[in-house]
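sharing a model that was predicted from the sequence below.
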Amino acid sequence: MFTIHHEPNWVYEAASCLAKINQDKDENMLDEDKKFGMTREEMEDYFSNYDEYKEAVISELRPIYDEYPHLGKYFQGTDLDNLITTVAGFLTFFIEDISTLKNDREGIDRIVNKSMSSLLDEHLKLPEDLNLEIRDLASLLDYLENVELEDKTKLLLISLYNNRYEVLGDLAELINQCIPILKDHFNIIEDDFKRALSSLGDRDKLNSFMKDTINVQLDIPEKTVFYFSIFNSNQISIMESHEDKVISYIGIFVEDLIKLTEKNKFNDTRILSDLKAISDPTRLRIIGLLSDKKMYLQEIAEALELAPSTISHHIQILLNTMLVSVTVDAMNSRKIFYETNKDKVKELGESIKNLVSNNRY
């Protein structure tokens, strides 16, 4: 059944907030003020409720977090997506009450196997019809031999797998203590949350936003569950699991920020950002390659003879500037196709012409 939740996924939000204690990248957003046509002061005002909420909850979460020093390394950034938030996302699939996880070895095995399969999926050159499946430590080691990741990332994944019962049991315990704190202060950010919900809170609005605003062609299945995310406020993520179930997280500021970016498309900073994106030879080759046909990440990697992780990095930059668009088969996370956004490339050319002719608007 297609569902849009009217309150946050508190397990996911707690994990995402904890990840910001030692690695908070929110300040980077303020540095992009000109991209959104705002001054830095206006950006700070726009995010004021979010900053107040984050400060209030982290000040109370930190002492609890410090009681679990052995979990700290799993919250660190790696050359994969954030490890803990991915695990927390899959907790939602398999566990109704996370307080019961500590003694549920079968549940922990299921969550860790699925999380690691999801994390490694785009970093391996596998046939399109072959699904990556981690069943035990031996299969994890086999996959790690064939993936280009930093050694410290591989060691972290092995460590998590070897210690999964202790780590996930303690993680569930930690998150369970954090959730009431997030709920207690929710009134600070509630208006921003409700605004996002009212703007994108039904299926037609979501489809229109995905297709017309961010150039994502998404076939949304009936068993999709949508949450609006506070601590991943400028991101959209899609997680698929067993039994055709899909969960998507949409940041509460995503729509506003994209509209502001579009409104300021002839802004000098925006033009410079787009030009920087295509100044890299690899990204320029990707745009040329994808102008002829849609391709999935592994195909691009093979065509350019580069590692999937390298291609993933460049694709993310091109997606951020909307020079590349994406088509998603939500029923299969490996069916993510990319293509050149020809309208955006044309728009960039027009922007340069307007800049030269001094006729920007």
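It's in. As the structure is a computational prediction, the values presented were derived from the model and not from experiment.

give the helix, strand or coil label for Ile250.
Recorded secondary structure, Ile250: strand (DSSP: H, G, I helix; E, B strand; the rest coil).

number of residues surrounding it?
24 (other CB atoms under 10 Å). In short, each C-beta sits where N, CA and C put it, glycine included.

pretty sure it contacts Leu200?
Yes: here Ile250 lies in contact with Leu200, judged by CB atoms under 8 Å, at a distance of 6.7 Å.

what's the overlap in contacts for these two?
Contact with both Ile250 and Leu200 is made by residues Leu206, Phe228, according to CB atoms under 8 Å, 6 or more residues apart in numbering.

separation between Ala307 and Ile175?
From Ala307 across to Ile175, the span is 33 Å (CB to CB, to the nearest Å).

out of the two, which sits in the busier spot?
Applying other CB under 10 Å to Ala307 and Ile175 shows that Ile175 carries more neighbours, namely 25 against 16.

ok, and the closest non-adjacent residue to the more buried one?
Sequence neighbours aside, Ala14 is the residue nearest to Ile175 in space, at 4.6 Å (criterion: CB to CB, 6 or more residues apart in numbering).

which elements pack onto the helix or strand where Ile111 lies?
Following DSSP states H and E, one finds Ile111 within helix 105-120. Secondary-structure packing of helix 105-120 (3 or more CB pairs under 8 Å, 6 or more residues apart in numbering; DSSP states H and E): helix 83-94, helix 137-144, helix 151-162, helix 164-184.

next, the buried residues of stretch 275-290.
Ala277, Ile278, Arg283, Ile286, Ile287, Leu289, Leu290 (16 or more other CB atoms under 10 Å).

show me the contact partners of it.
By CB under 8 Å, 6+ apart, the residues outside stretch 275-290 that reach it are 295, 300, 303-304, 306, 310-311, 314-315, 317-318, 320-321, 323-324, 338-340, 345, 348.

which among the residues you listed end up buried?
Among these, those buried by neighbour count (16+ other CB under 10 Å) are 295, 300, 306, 311, 314-315, 317-318, 321, 323-324, 338-340, 345, 348.

which pair in those residues spans the largest distance?
Leu306 and Leu348 (24.2 Å; CB to CB).

what's downstream of the helix or strand bottoming out on mean pLDDT in the chain, the next helix or strand?
The helix or strand of the chain with the lowest confidence, counting by mean pLDDT, DSSP states H and E, is strand 216-219 at a mean of 60. As assigned by DSSP H and E, the chain's next helix or strand after strand 216-219 is strand 224-229.

so what strands line up beside that next one?
strand 3-4 (parallel), strand 246-251 (parallel) (DSSP bridges).

now the angle from that strand to helix 83-94?
Angle of strand 224-229 versus helix 83-94, following axes from the mean of the first three to the mean of the last three CA atoms, to 10 degrees, is 140 degrees.

go ahead and name everything in contact with strand 224-229.
Counting by CB under 8 Å, 6+ apart, 2-5, 8-9, 12-13, 16, 193, 196-197, 200, 206, 235, 245-252, 330 sit against strand 224-229.

just the buried members of these?
Buried, going by 16+ other CB under 10 Å: 4, 8-9, 12-13, 16, 193, 196-197, 200, 206, 245-252, 330, out of the contacts of strand 224-229.

low pLDDT regions in the stretch 251-361 of the chain?
By pLDDT under 70, the low-scoring segments of the stretch 251-361 of the chain are 262-269, 328-335, 355-361.

quick one: the strands in it?
With DSSP state E, counting those that start in this stretch as the criterion, the stretch 251-361 of the chain has strands at 295-296, 324-329, 336-340.

put together JSON lines for those strands, with distance to His185 on each row.
JSON lines is the format used below for the strands of the stretch 251-361 of the chain (distance: least, CB to CB, whole Å):
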{"stretch": "strand 295-296", "distance to His185": "41"}
{"stretch": "strand 324-329", "distance to His185": "34"}
{"stretch": "strand 336-340", "distance to His185": "36"}
